[in-house]
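Engineer: structure of the sequence below:
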Amino acid sequence: MIVMSKTAATLLLSLAGSASMLRVHGFVVKEPPMPFKWPIVGTLPDFFARGGVGRLRQIYEEMYSEFGNVYGMSPMGKDQLIVCDPYVFDTVLRKEGKYPIGGSEEATTFADYYKETNNTMGIKSISRGPEWKEWRKALEPDMYVAWASYLPMIADTASKIELCFSAGLYLYLFSMSINNRNGLLCMYKICTYNFGCRSKVAGYEVTERKNVAFIDFISRSAFDMFTAVMYGESPQTTDSRVADPTDIEFVQASQTAFDLTGELIANPLAKVFGTDTYQSFKVNMDKVFDLGWEVAEEYVAQVQQKPKVKVKEEDAGKCPVTAVKNKMPFVERLLNRGEMSTNDIKSISGPMQMAGVDTTVSDIWTSLSGSYSSESSCLACSSNTSRYKPFFYTPTLSSTIDICHELAVSEPASNPDVQTKLAEELKAVLNGVDVTSLVQMNSLPYLKACIRESHRLTPTAPVLAKRLEENIEVVVDDIVYKAQAGQRIMLNLRAFPIDPIFVDKPTIYKPERFLKDAVEARKGTPSEIIDHPSFADPFGRGKRRCLGSNIAMAEMIVLAARMIQDWEITLVDPSDANKWKPKQKLMLKADPYPAMKLVPRG
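Structural biologist: Here you go, the predicted structure:
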């Protein structure tokens, strides 16, 4: 088949019938330019000479500069085709077929773990045939389609992150409720809702007591929000005064497993030789599954004691109000739907909560914090990207951290008042309340522009990736590049979005470029390319787009809105703005992550 760029496709539309076919096959066929390809190791020496995985985003920037809009790479002799035109990538996605190949198949760390532990649902999630379709179909109605019905649960969790609490009352409650977690949480709620106090949780934990670093606070926030979606109740890991140590252990194990996955992908021999890195990965994954199973088992037992409520397809997909009325969390909906066994539901719980920890943090962080300094793959299973994660991907944590970081350290000379503008919008629209509806979400254009600009500058991974089951020919500027079945074809996210040809002052964090008037103004110009959907978010595209993408976006908006209404996020040491660098692990992170503080808004 022939896949071509938008320009080539437009040209061919003017030709007729067989003449157009002859014209297509008359194009010059070329091998893509690439660094020197050695026997066996391919272009791997060049990759390491450029800095390896830690400099992944810079490598893609450099190769775009050196080779142009299309080029190749061949790590260990496995050829890859990298394109920079998102319209070319669109036509590749249209050929993915009934059972598309997910990037998770290449995440052998997770795949091997699922096989070693005989995790049937994990294996289904990373497969490509009918079993994957069955897995996706069972989860999609209540996760991807009915996402808006979880907004009140997410907002309630965000509000608890900012609740006031009296230390004296806490000590009294602790003495009355020691060793009784449910009793403590119950009394905590009575206290916070009825008595009020002097200190909000975020400021207390991050700035006053310094119990937790800001980046870890956001990680816990994302975990709390997604756990509320799953079980209807936040574990409140953000508040050290009531947090269950088991929940904290789960968050830490999830973060460690993700970090080690990045190391193992960069050094596959670590698993072959059974190094401490792989053994530590297994230990932390075991914790994730065991702790997740325990929580799910307890919750399933509770639900089974309740009268069964049938969730109709139209309720889940078309009428979220009904689901909100029932206040039914995700796991309860799965149980009432009856399409998955209770053991299967328990087995997905740990990995899904894990997805709500590290994968969500990076984007929240850059979006809440603001400096210049990727398709994120749906967690192992459901996306088209070059990063691999288990089951499905919710980059809320990643995205929210990105927002925070961009807002805190954006270049003062060029954009000193981003946080102020955002706070003004939030006050005008929300006036202190939380985002609980679609109407409110859609009334925050500047917040959405901040998130969009964060992804342009600091995508969680530098490429989107796809593999097809058949040979294709990609046409770019009248030249044919052949890709074999199974070969990775990638869209470079570090090309057009940071090229001054398409973006004015591309290294500056400027959310205004994604407001409605700016988007309208560049229609019909070369700069319009940056508004392509492939550049819009970190959740992938195509049939394996991230299963949790809608919930992840909701979490980003709700948490960012809550935090910015209450706090100005600043660096503890302003000079740290120039001390960190972007480093690619499993996801893009600041290295070292700068210390931040929360200053109450007046």
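
Engineer: give me the number of residues near S125?
Structural biologist: Per other Cβ atoms under 10 Å, the neighbour tally for S125 reads 29. (Each C-beta comes from the backbone N, C-alpha and C, glycine too.)

Engineer: swap that for E61, sorry
Structural biologist: Residues near E61, counting by other Cβ under 10 Å, number 17.

Engineer: then V272?
Structural biologist: Neighbourhood size, V272 [other Cβ under 10 Å]: 9.

Engineer: next one: the one 5 residues further on
Structural biologist: Applying the criterion other Cβ under 10 Å, we find 16 residues in the vicinity of T277.

Engineer: how much space separates it from K482?
Structural biologist: Distance of T277 to K482, computed by Cβ to Cβ, to the nearest Å: 37 Å.

Engineer: which parts of the helix or strand hosting M352 are buried?
Structural biologist: When elements are assigned from DSSP states H and E, M352 belongs to helix 342-355. Residues of helix 342-355 classed as buried by neighbour count (16 or more other Cβ atoms under 10 Å): 342, 344-355.

Engineer: lowest-confidence entry in those residues?
Structural biologist: Minimum pLDDT for the buried residues of helix 342-355 is recorded at A355 (72).

Engineer: pretty sure that one sits against F226.
Structural biologist: Yes - between A355 and F226 a contact is recorded at 7.3 Å, counting by Cβ atoms under 8 Å.

Engineer: contacting residues for R94?
Structural biologist: The contact partners of R94, by Cβ atoms under 8 Å, 6 or more residues apart in numbering, come to none.

Engineer: tell me the pLDDT of it.
Structural biologist: For R94, the model assigns a pLDDT of 90.

Engineer: going forward, begin numbering at 283 instead of 1
Structural biologist: Will do, 283 is the new start, and the previous item becomes R376.

Engineer: any idea how far it lies from I811?
Structural biologist: Computed with Cβ to Cβ, the distance linking R376 and I811 is 19 Å.

Engineer: just S725 next, same as before
Structural biologist: On the measure of Cβ to Cβ, S725 and I811 end up 28 Å apart.

Engineer: who has more neighbours, these two?
Structural biologist: Between S725 and I811, I811 has the larger neighbour count (other Cβ under 10 Å), namely 21 against 15.

Engineer: the more buried one belongs to a helix?
Structural biologist: Yes - I811: assigned to a helix according to DSSP: H, G, I helix; E, B strand; the rest coil.

Engineer: that one and C366 touch, don't they?
Structural biologist: No - with contact defined as Cβ under 8 Å, I811 and C366 do not form a contacting pair (9.6 Å).

Engineer: which neighbours do those two share?
Structural biologist: Common neighbours of I811 and C366 (Cβ under 8 Å, 6+ apart) are F778.

Engineer: over to M316. Which of the three states is it?
Structural biologist: Here M316 is recorded as coil under three-state DSSP.

Engineer: K709 too?
Structural biologist: Secondary structure, three-state DSSP: K709 is helix.

Engineer: could you measure from it over to G336?
Structural biologist: 40 Å.

Engineer: of the two, which one has the most company?
Structural biologist: G336 (16 against 13).

Engineer: ok, for that one, nearest residue in space, not its chain neighbours?
Structural biologist: K865 (5.1 Å; Cβ to Cβ, 6 or more residues apart in numbering).

Engineer: now the one you found: which helix or strand?
Structural biologist: Counting by DSSP H and E, K865 is part of strand 863-866.

Engineer: partner strands of the helix or strand just after that strand, parallel or antiparallel?
Structural biologist: Of the helices and strands lying after strand 863-866 in sequence (DSSP H and E), the nearest is strand 870-873. With DSSP bridges as the test, strand 870-873 is paired with strand 863-866 (antiparallel).

Engineer: buried residues, the partner strand. List them.
Structural biologist: For strand 863-866, the neighbour count (16+ other Cβ under 10 Å) marks 864-866 as buried.

Engineer: what about it, average pLDDT?
Structural biologist: Strand 863-866 comes out at a mean pLDDT of 73.

Engineer: now the helices: where do they sit in the stretch 483-632 of the chain?
Structural biologist: 483-485, 496-513, 527-548, 551-554, 558-586, 595-599, 602-608, 612-619, 624-637 (DSSP state H, counting those that start in this stretch).

Engineer: format the buried residues of helix 624-637 as a markdown table; extra columns: distance to D572.
Structural biologist: Compiled in a markdown table, the buried residues of helix 624-637 are given as follows (distance: Cβ to Cβ, whole Å):
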| residue | distance to D572 |
| --- | --- |
| T624 | 17 |
| D626 | 17 |
| I627 | 16 |
| K628 | 11 |
| S629 | 11 |
| I630 | 14 |
| S631 | 11 |
| G632 | 8 |
| P633 | 12 |
| M634 | 15 |
| Q635 | 12 |
| M636 | 12 |
| A637 | 17 |
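
Engineer: of the residues you listed, closest to A393?
Structural biologist: Ranked by distance to A393 (Cβ to Cβ), the buried residues of helix 624-637 are led by P633 at 12.8 Å.

Engineer: distance of the closest one relative to H737?
Structural biologist: Taken as Cβ to Cβ, the span from P633 to H737 is 24 Å.

Engineer: okay, now S623: neighbour count?
Structural biologist: For S623, the tally of surrounding residues (other Cβ under 10 Å) stands at 11.

Engineer: same check on A836?
Structural biologist: Per other Cβ under 10 Å, the neighbour tally for A836 reads 23.

Engineer: residues touching the closest residue to Y728 other than its chain neighbours, list them.
Structural biologist: Distances taken as Cβ to Cβ, 6+ apart put E707 closest to Y728, at 4.5 Å, once the chain neighbours are dropped. E707 sits next to 726-729 when contact means Cβ under 8 Å, 6+ apart.

Engineer: same thing but at 7 Å, please
Structural biologist: Counting by Cβ atoms under 7 Å, 6 or more residues apart in numbering, E707 makes contact with 726, 728-729.

Engineer: ok, L841 - how many residues close by?
Structural biologist: The number of residues packed near L841 is 32, by other Cβ under 10 Å.

Engineer: hmm, I typed the wrong one, I wanted T557.
Structural biologist: 15.

Engineer: now the one 3 residues further on
Structural biologist: When neighbours are defined as other Cβ under 10 Å, Y560 has 22 of them.

Engineer: OK, contacts around it?
Structural biologist: Counting by Cβ under 7 Å, 6+ apart, Y560 makes contact with 546, 552-553.

Engineer: any idea how far P856 is from F330?
Structural biologist: 35 Å.

Engineer: actually R337, not the one I wrote
Structural biologist: Distance from R337 to F330, by Cβ to Cβ: 10 Å.

Engineer: who has more neighbours, the two?
Structural biologist: Neighbours per residue (other Cβ under 10 Å) separate R337 from F330, with R337 holding more: 18 against 14.

Engineer: against R826, how distant is the nearest residue to the more buried one once chain neighbours are set aside?
Structural biologist: The shortest distance from R337 to any non-neighbouring residue, by Cβ to Cβ, 6+ apart, is to Q866 (7.0 Å). Relative to R826, Q866 is positioned 22 Å away (Cβ to Cβ).

Engineer: and I812, by the same measure?
Structural biologist: 24 Å.

Engineer: which of those two has more residues huddled nearby?
Structural biologist: R826 (29 against 22).

Engineer: the more buried one reaches G379, doesn't it?
Structural biologist: No - counting by Cβ atoms under 7 Å, R826 does not reach G379; the two are 11.3 Å apart.

Engineer: low-confidence bits of the stretch 783-884 of the chain, can you list those?
Structural biologist: For the stretch 783-884 of the chain, the stretches with pLDDT under 70 are 867-868.

Engineer: if anything else comes up later, I'll come back, but that's it for now.
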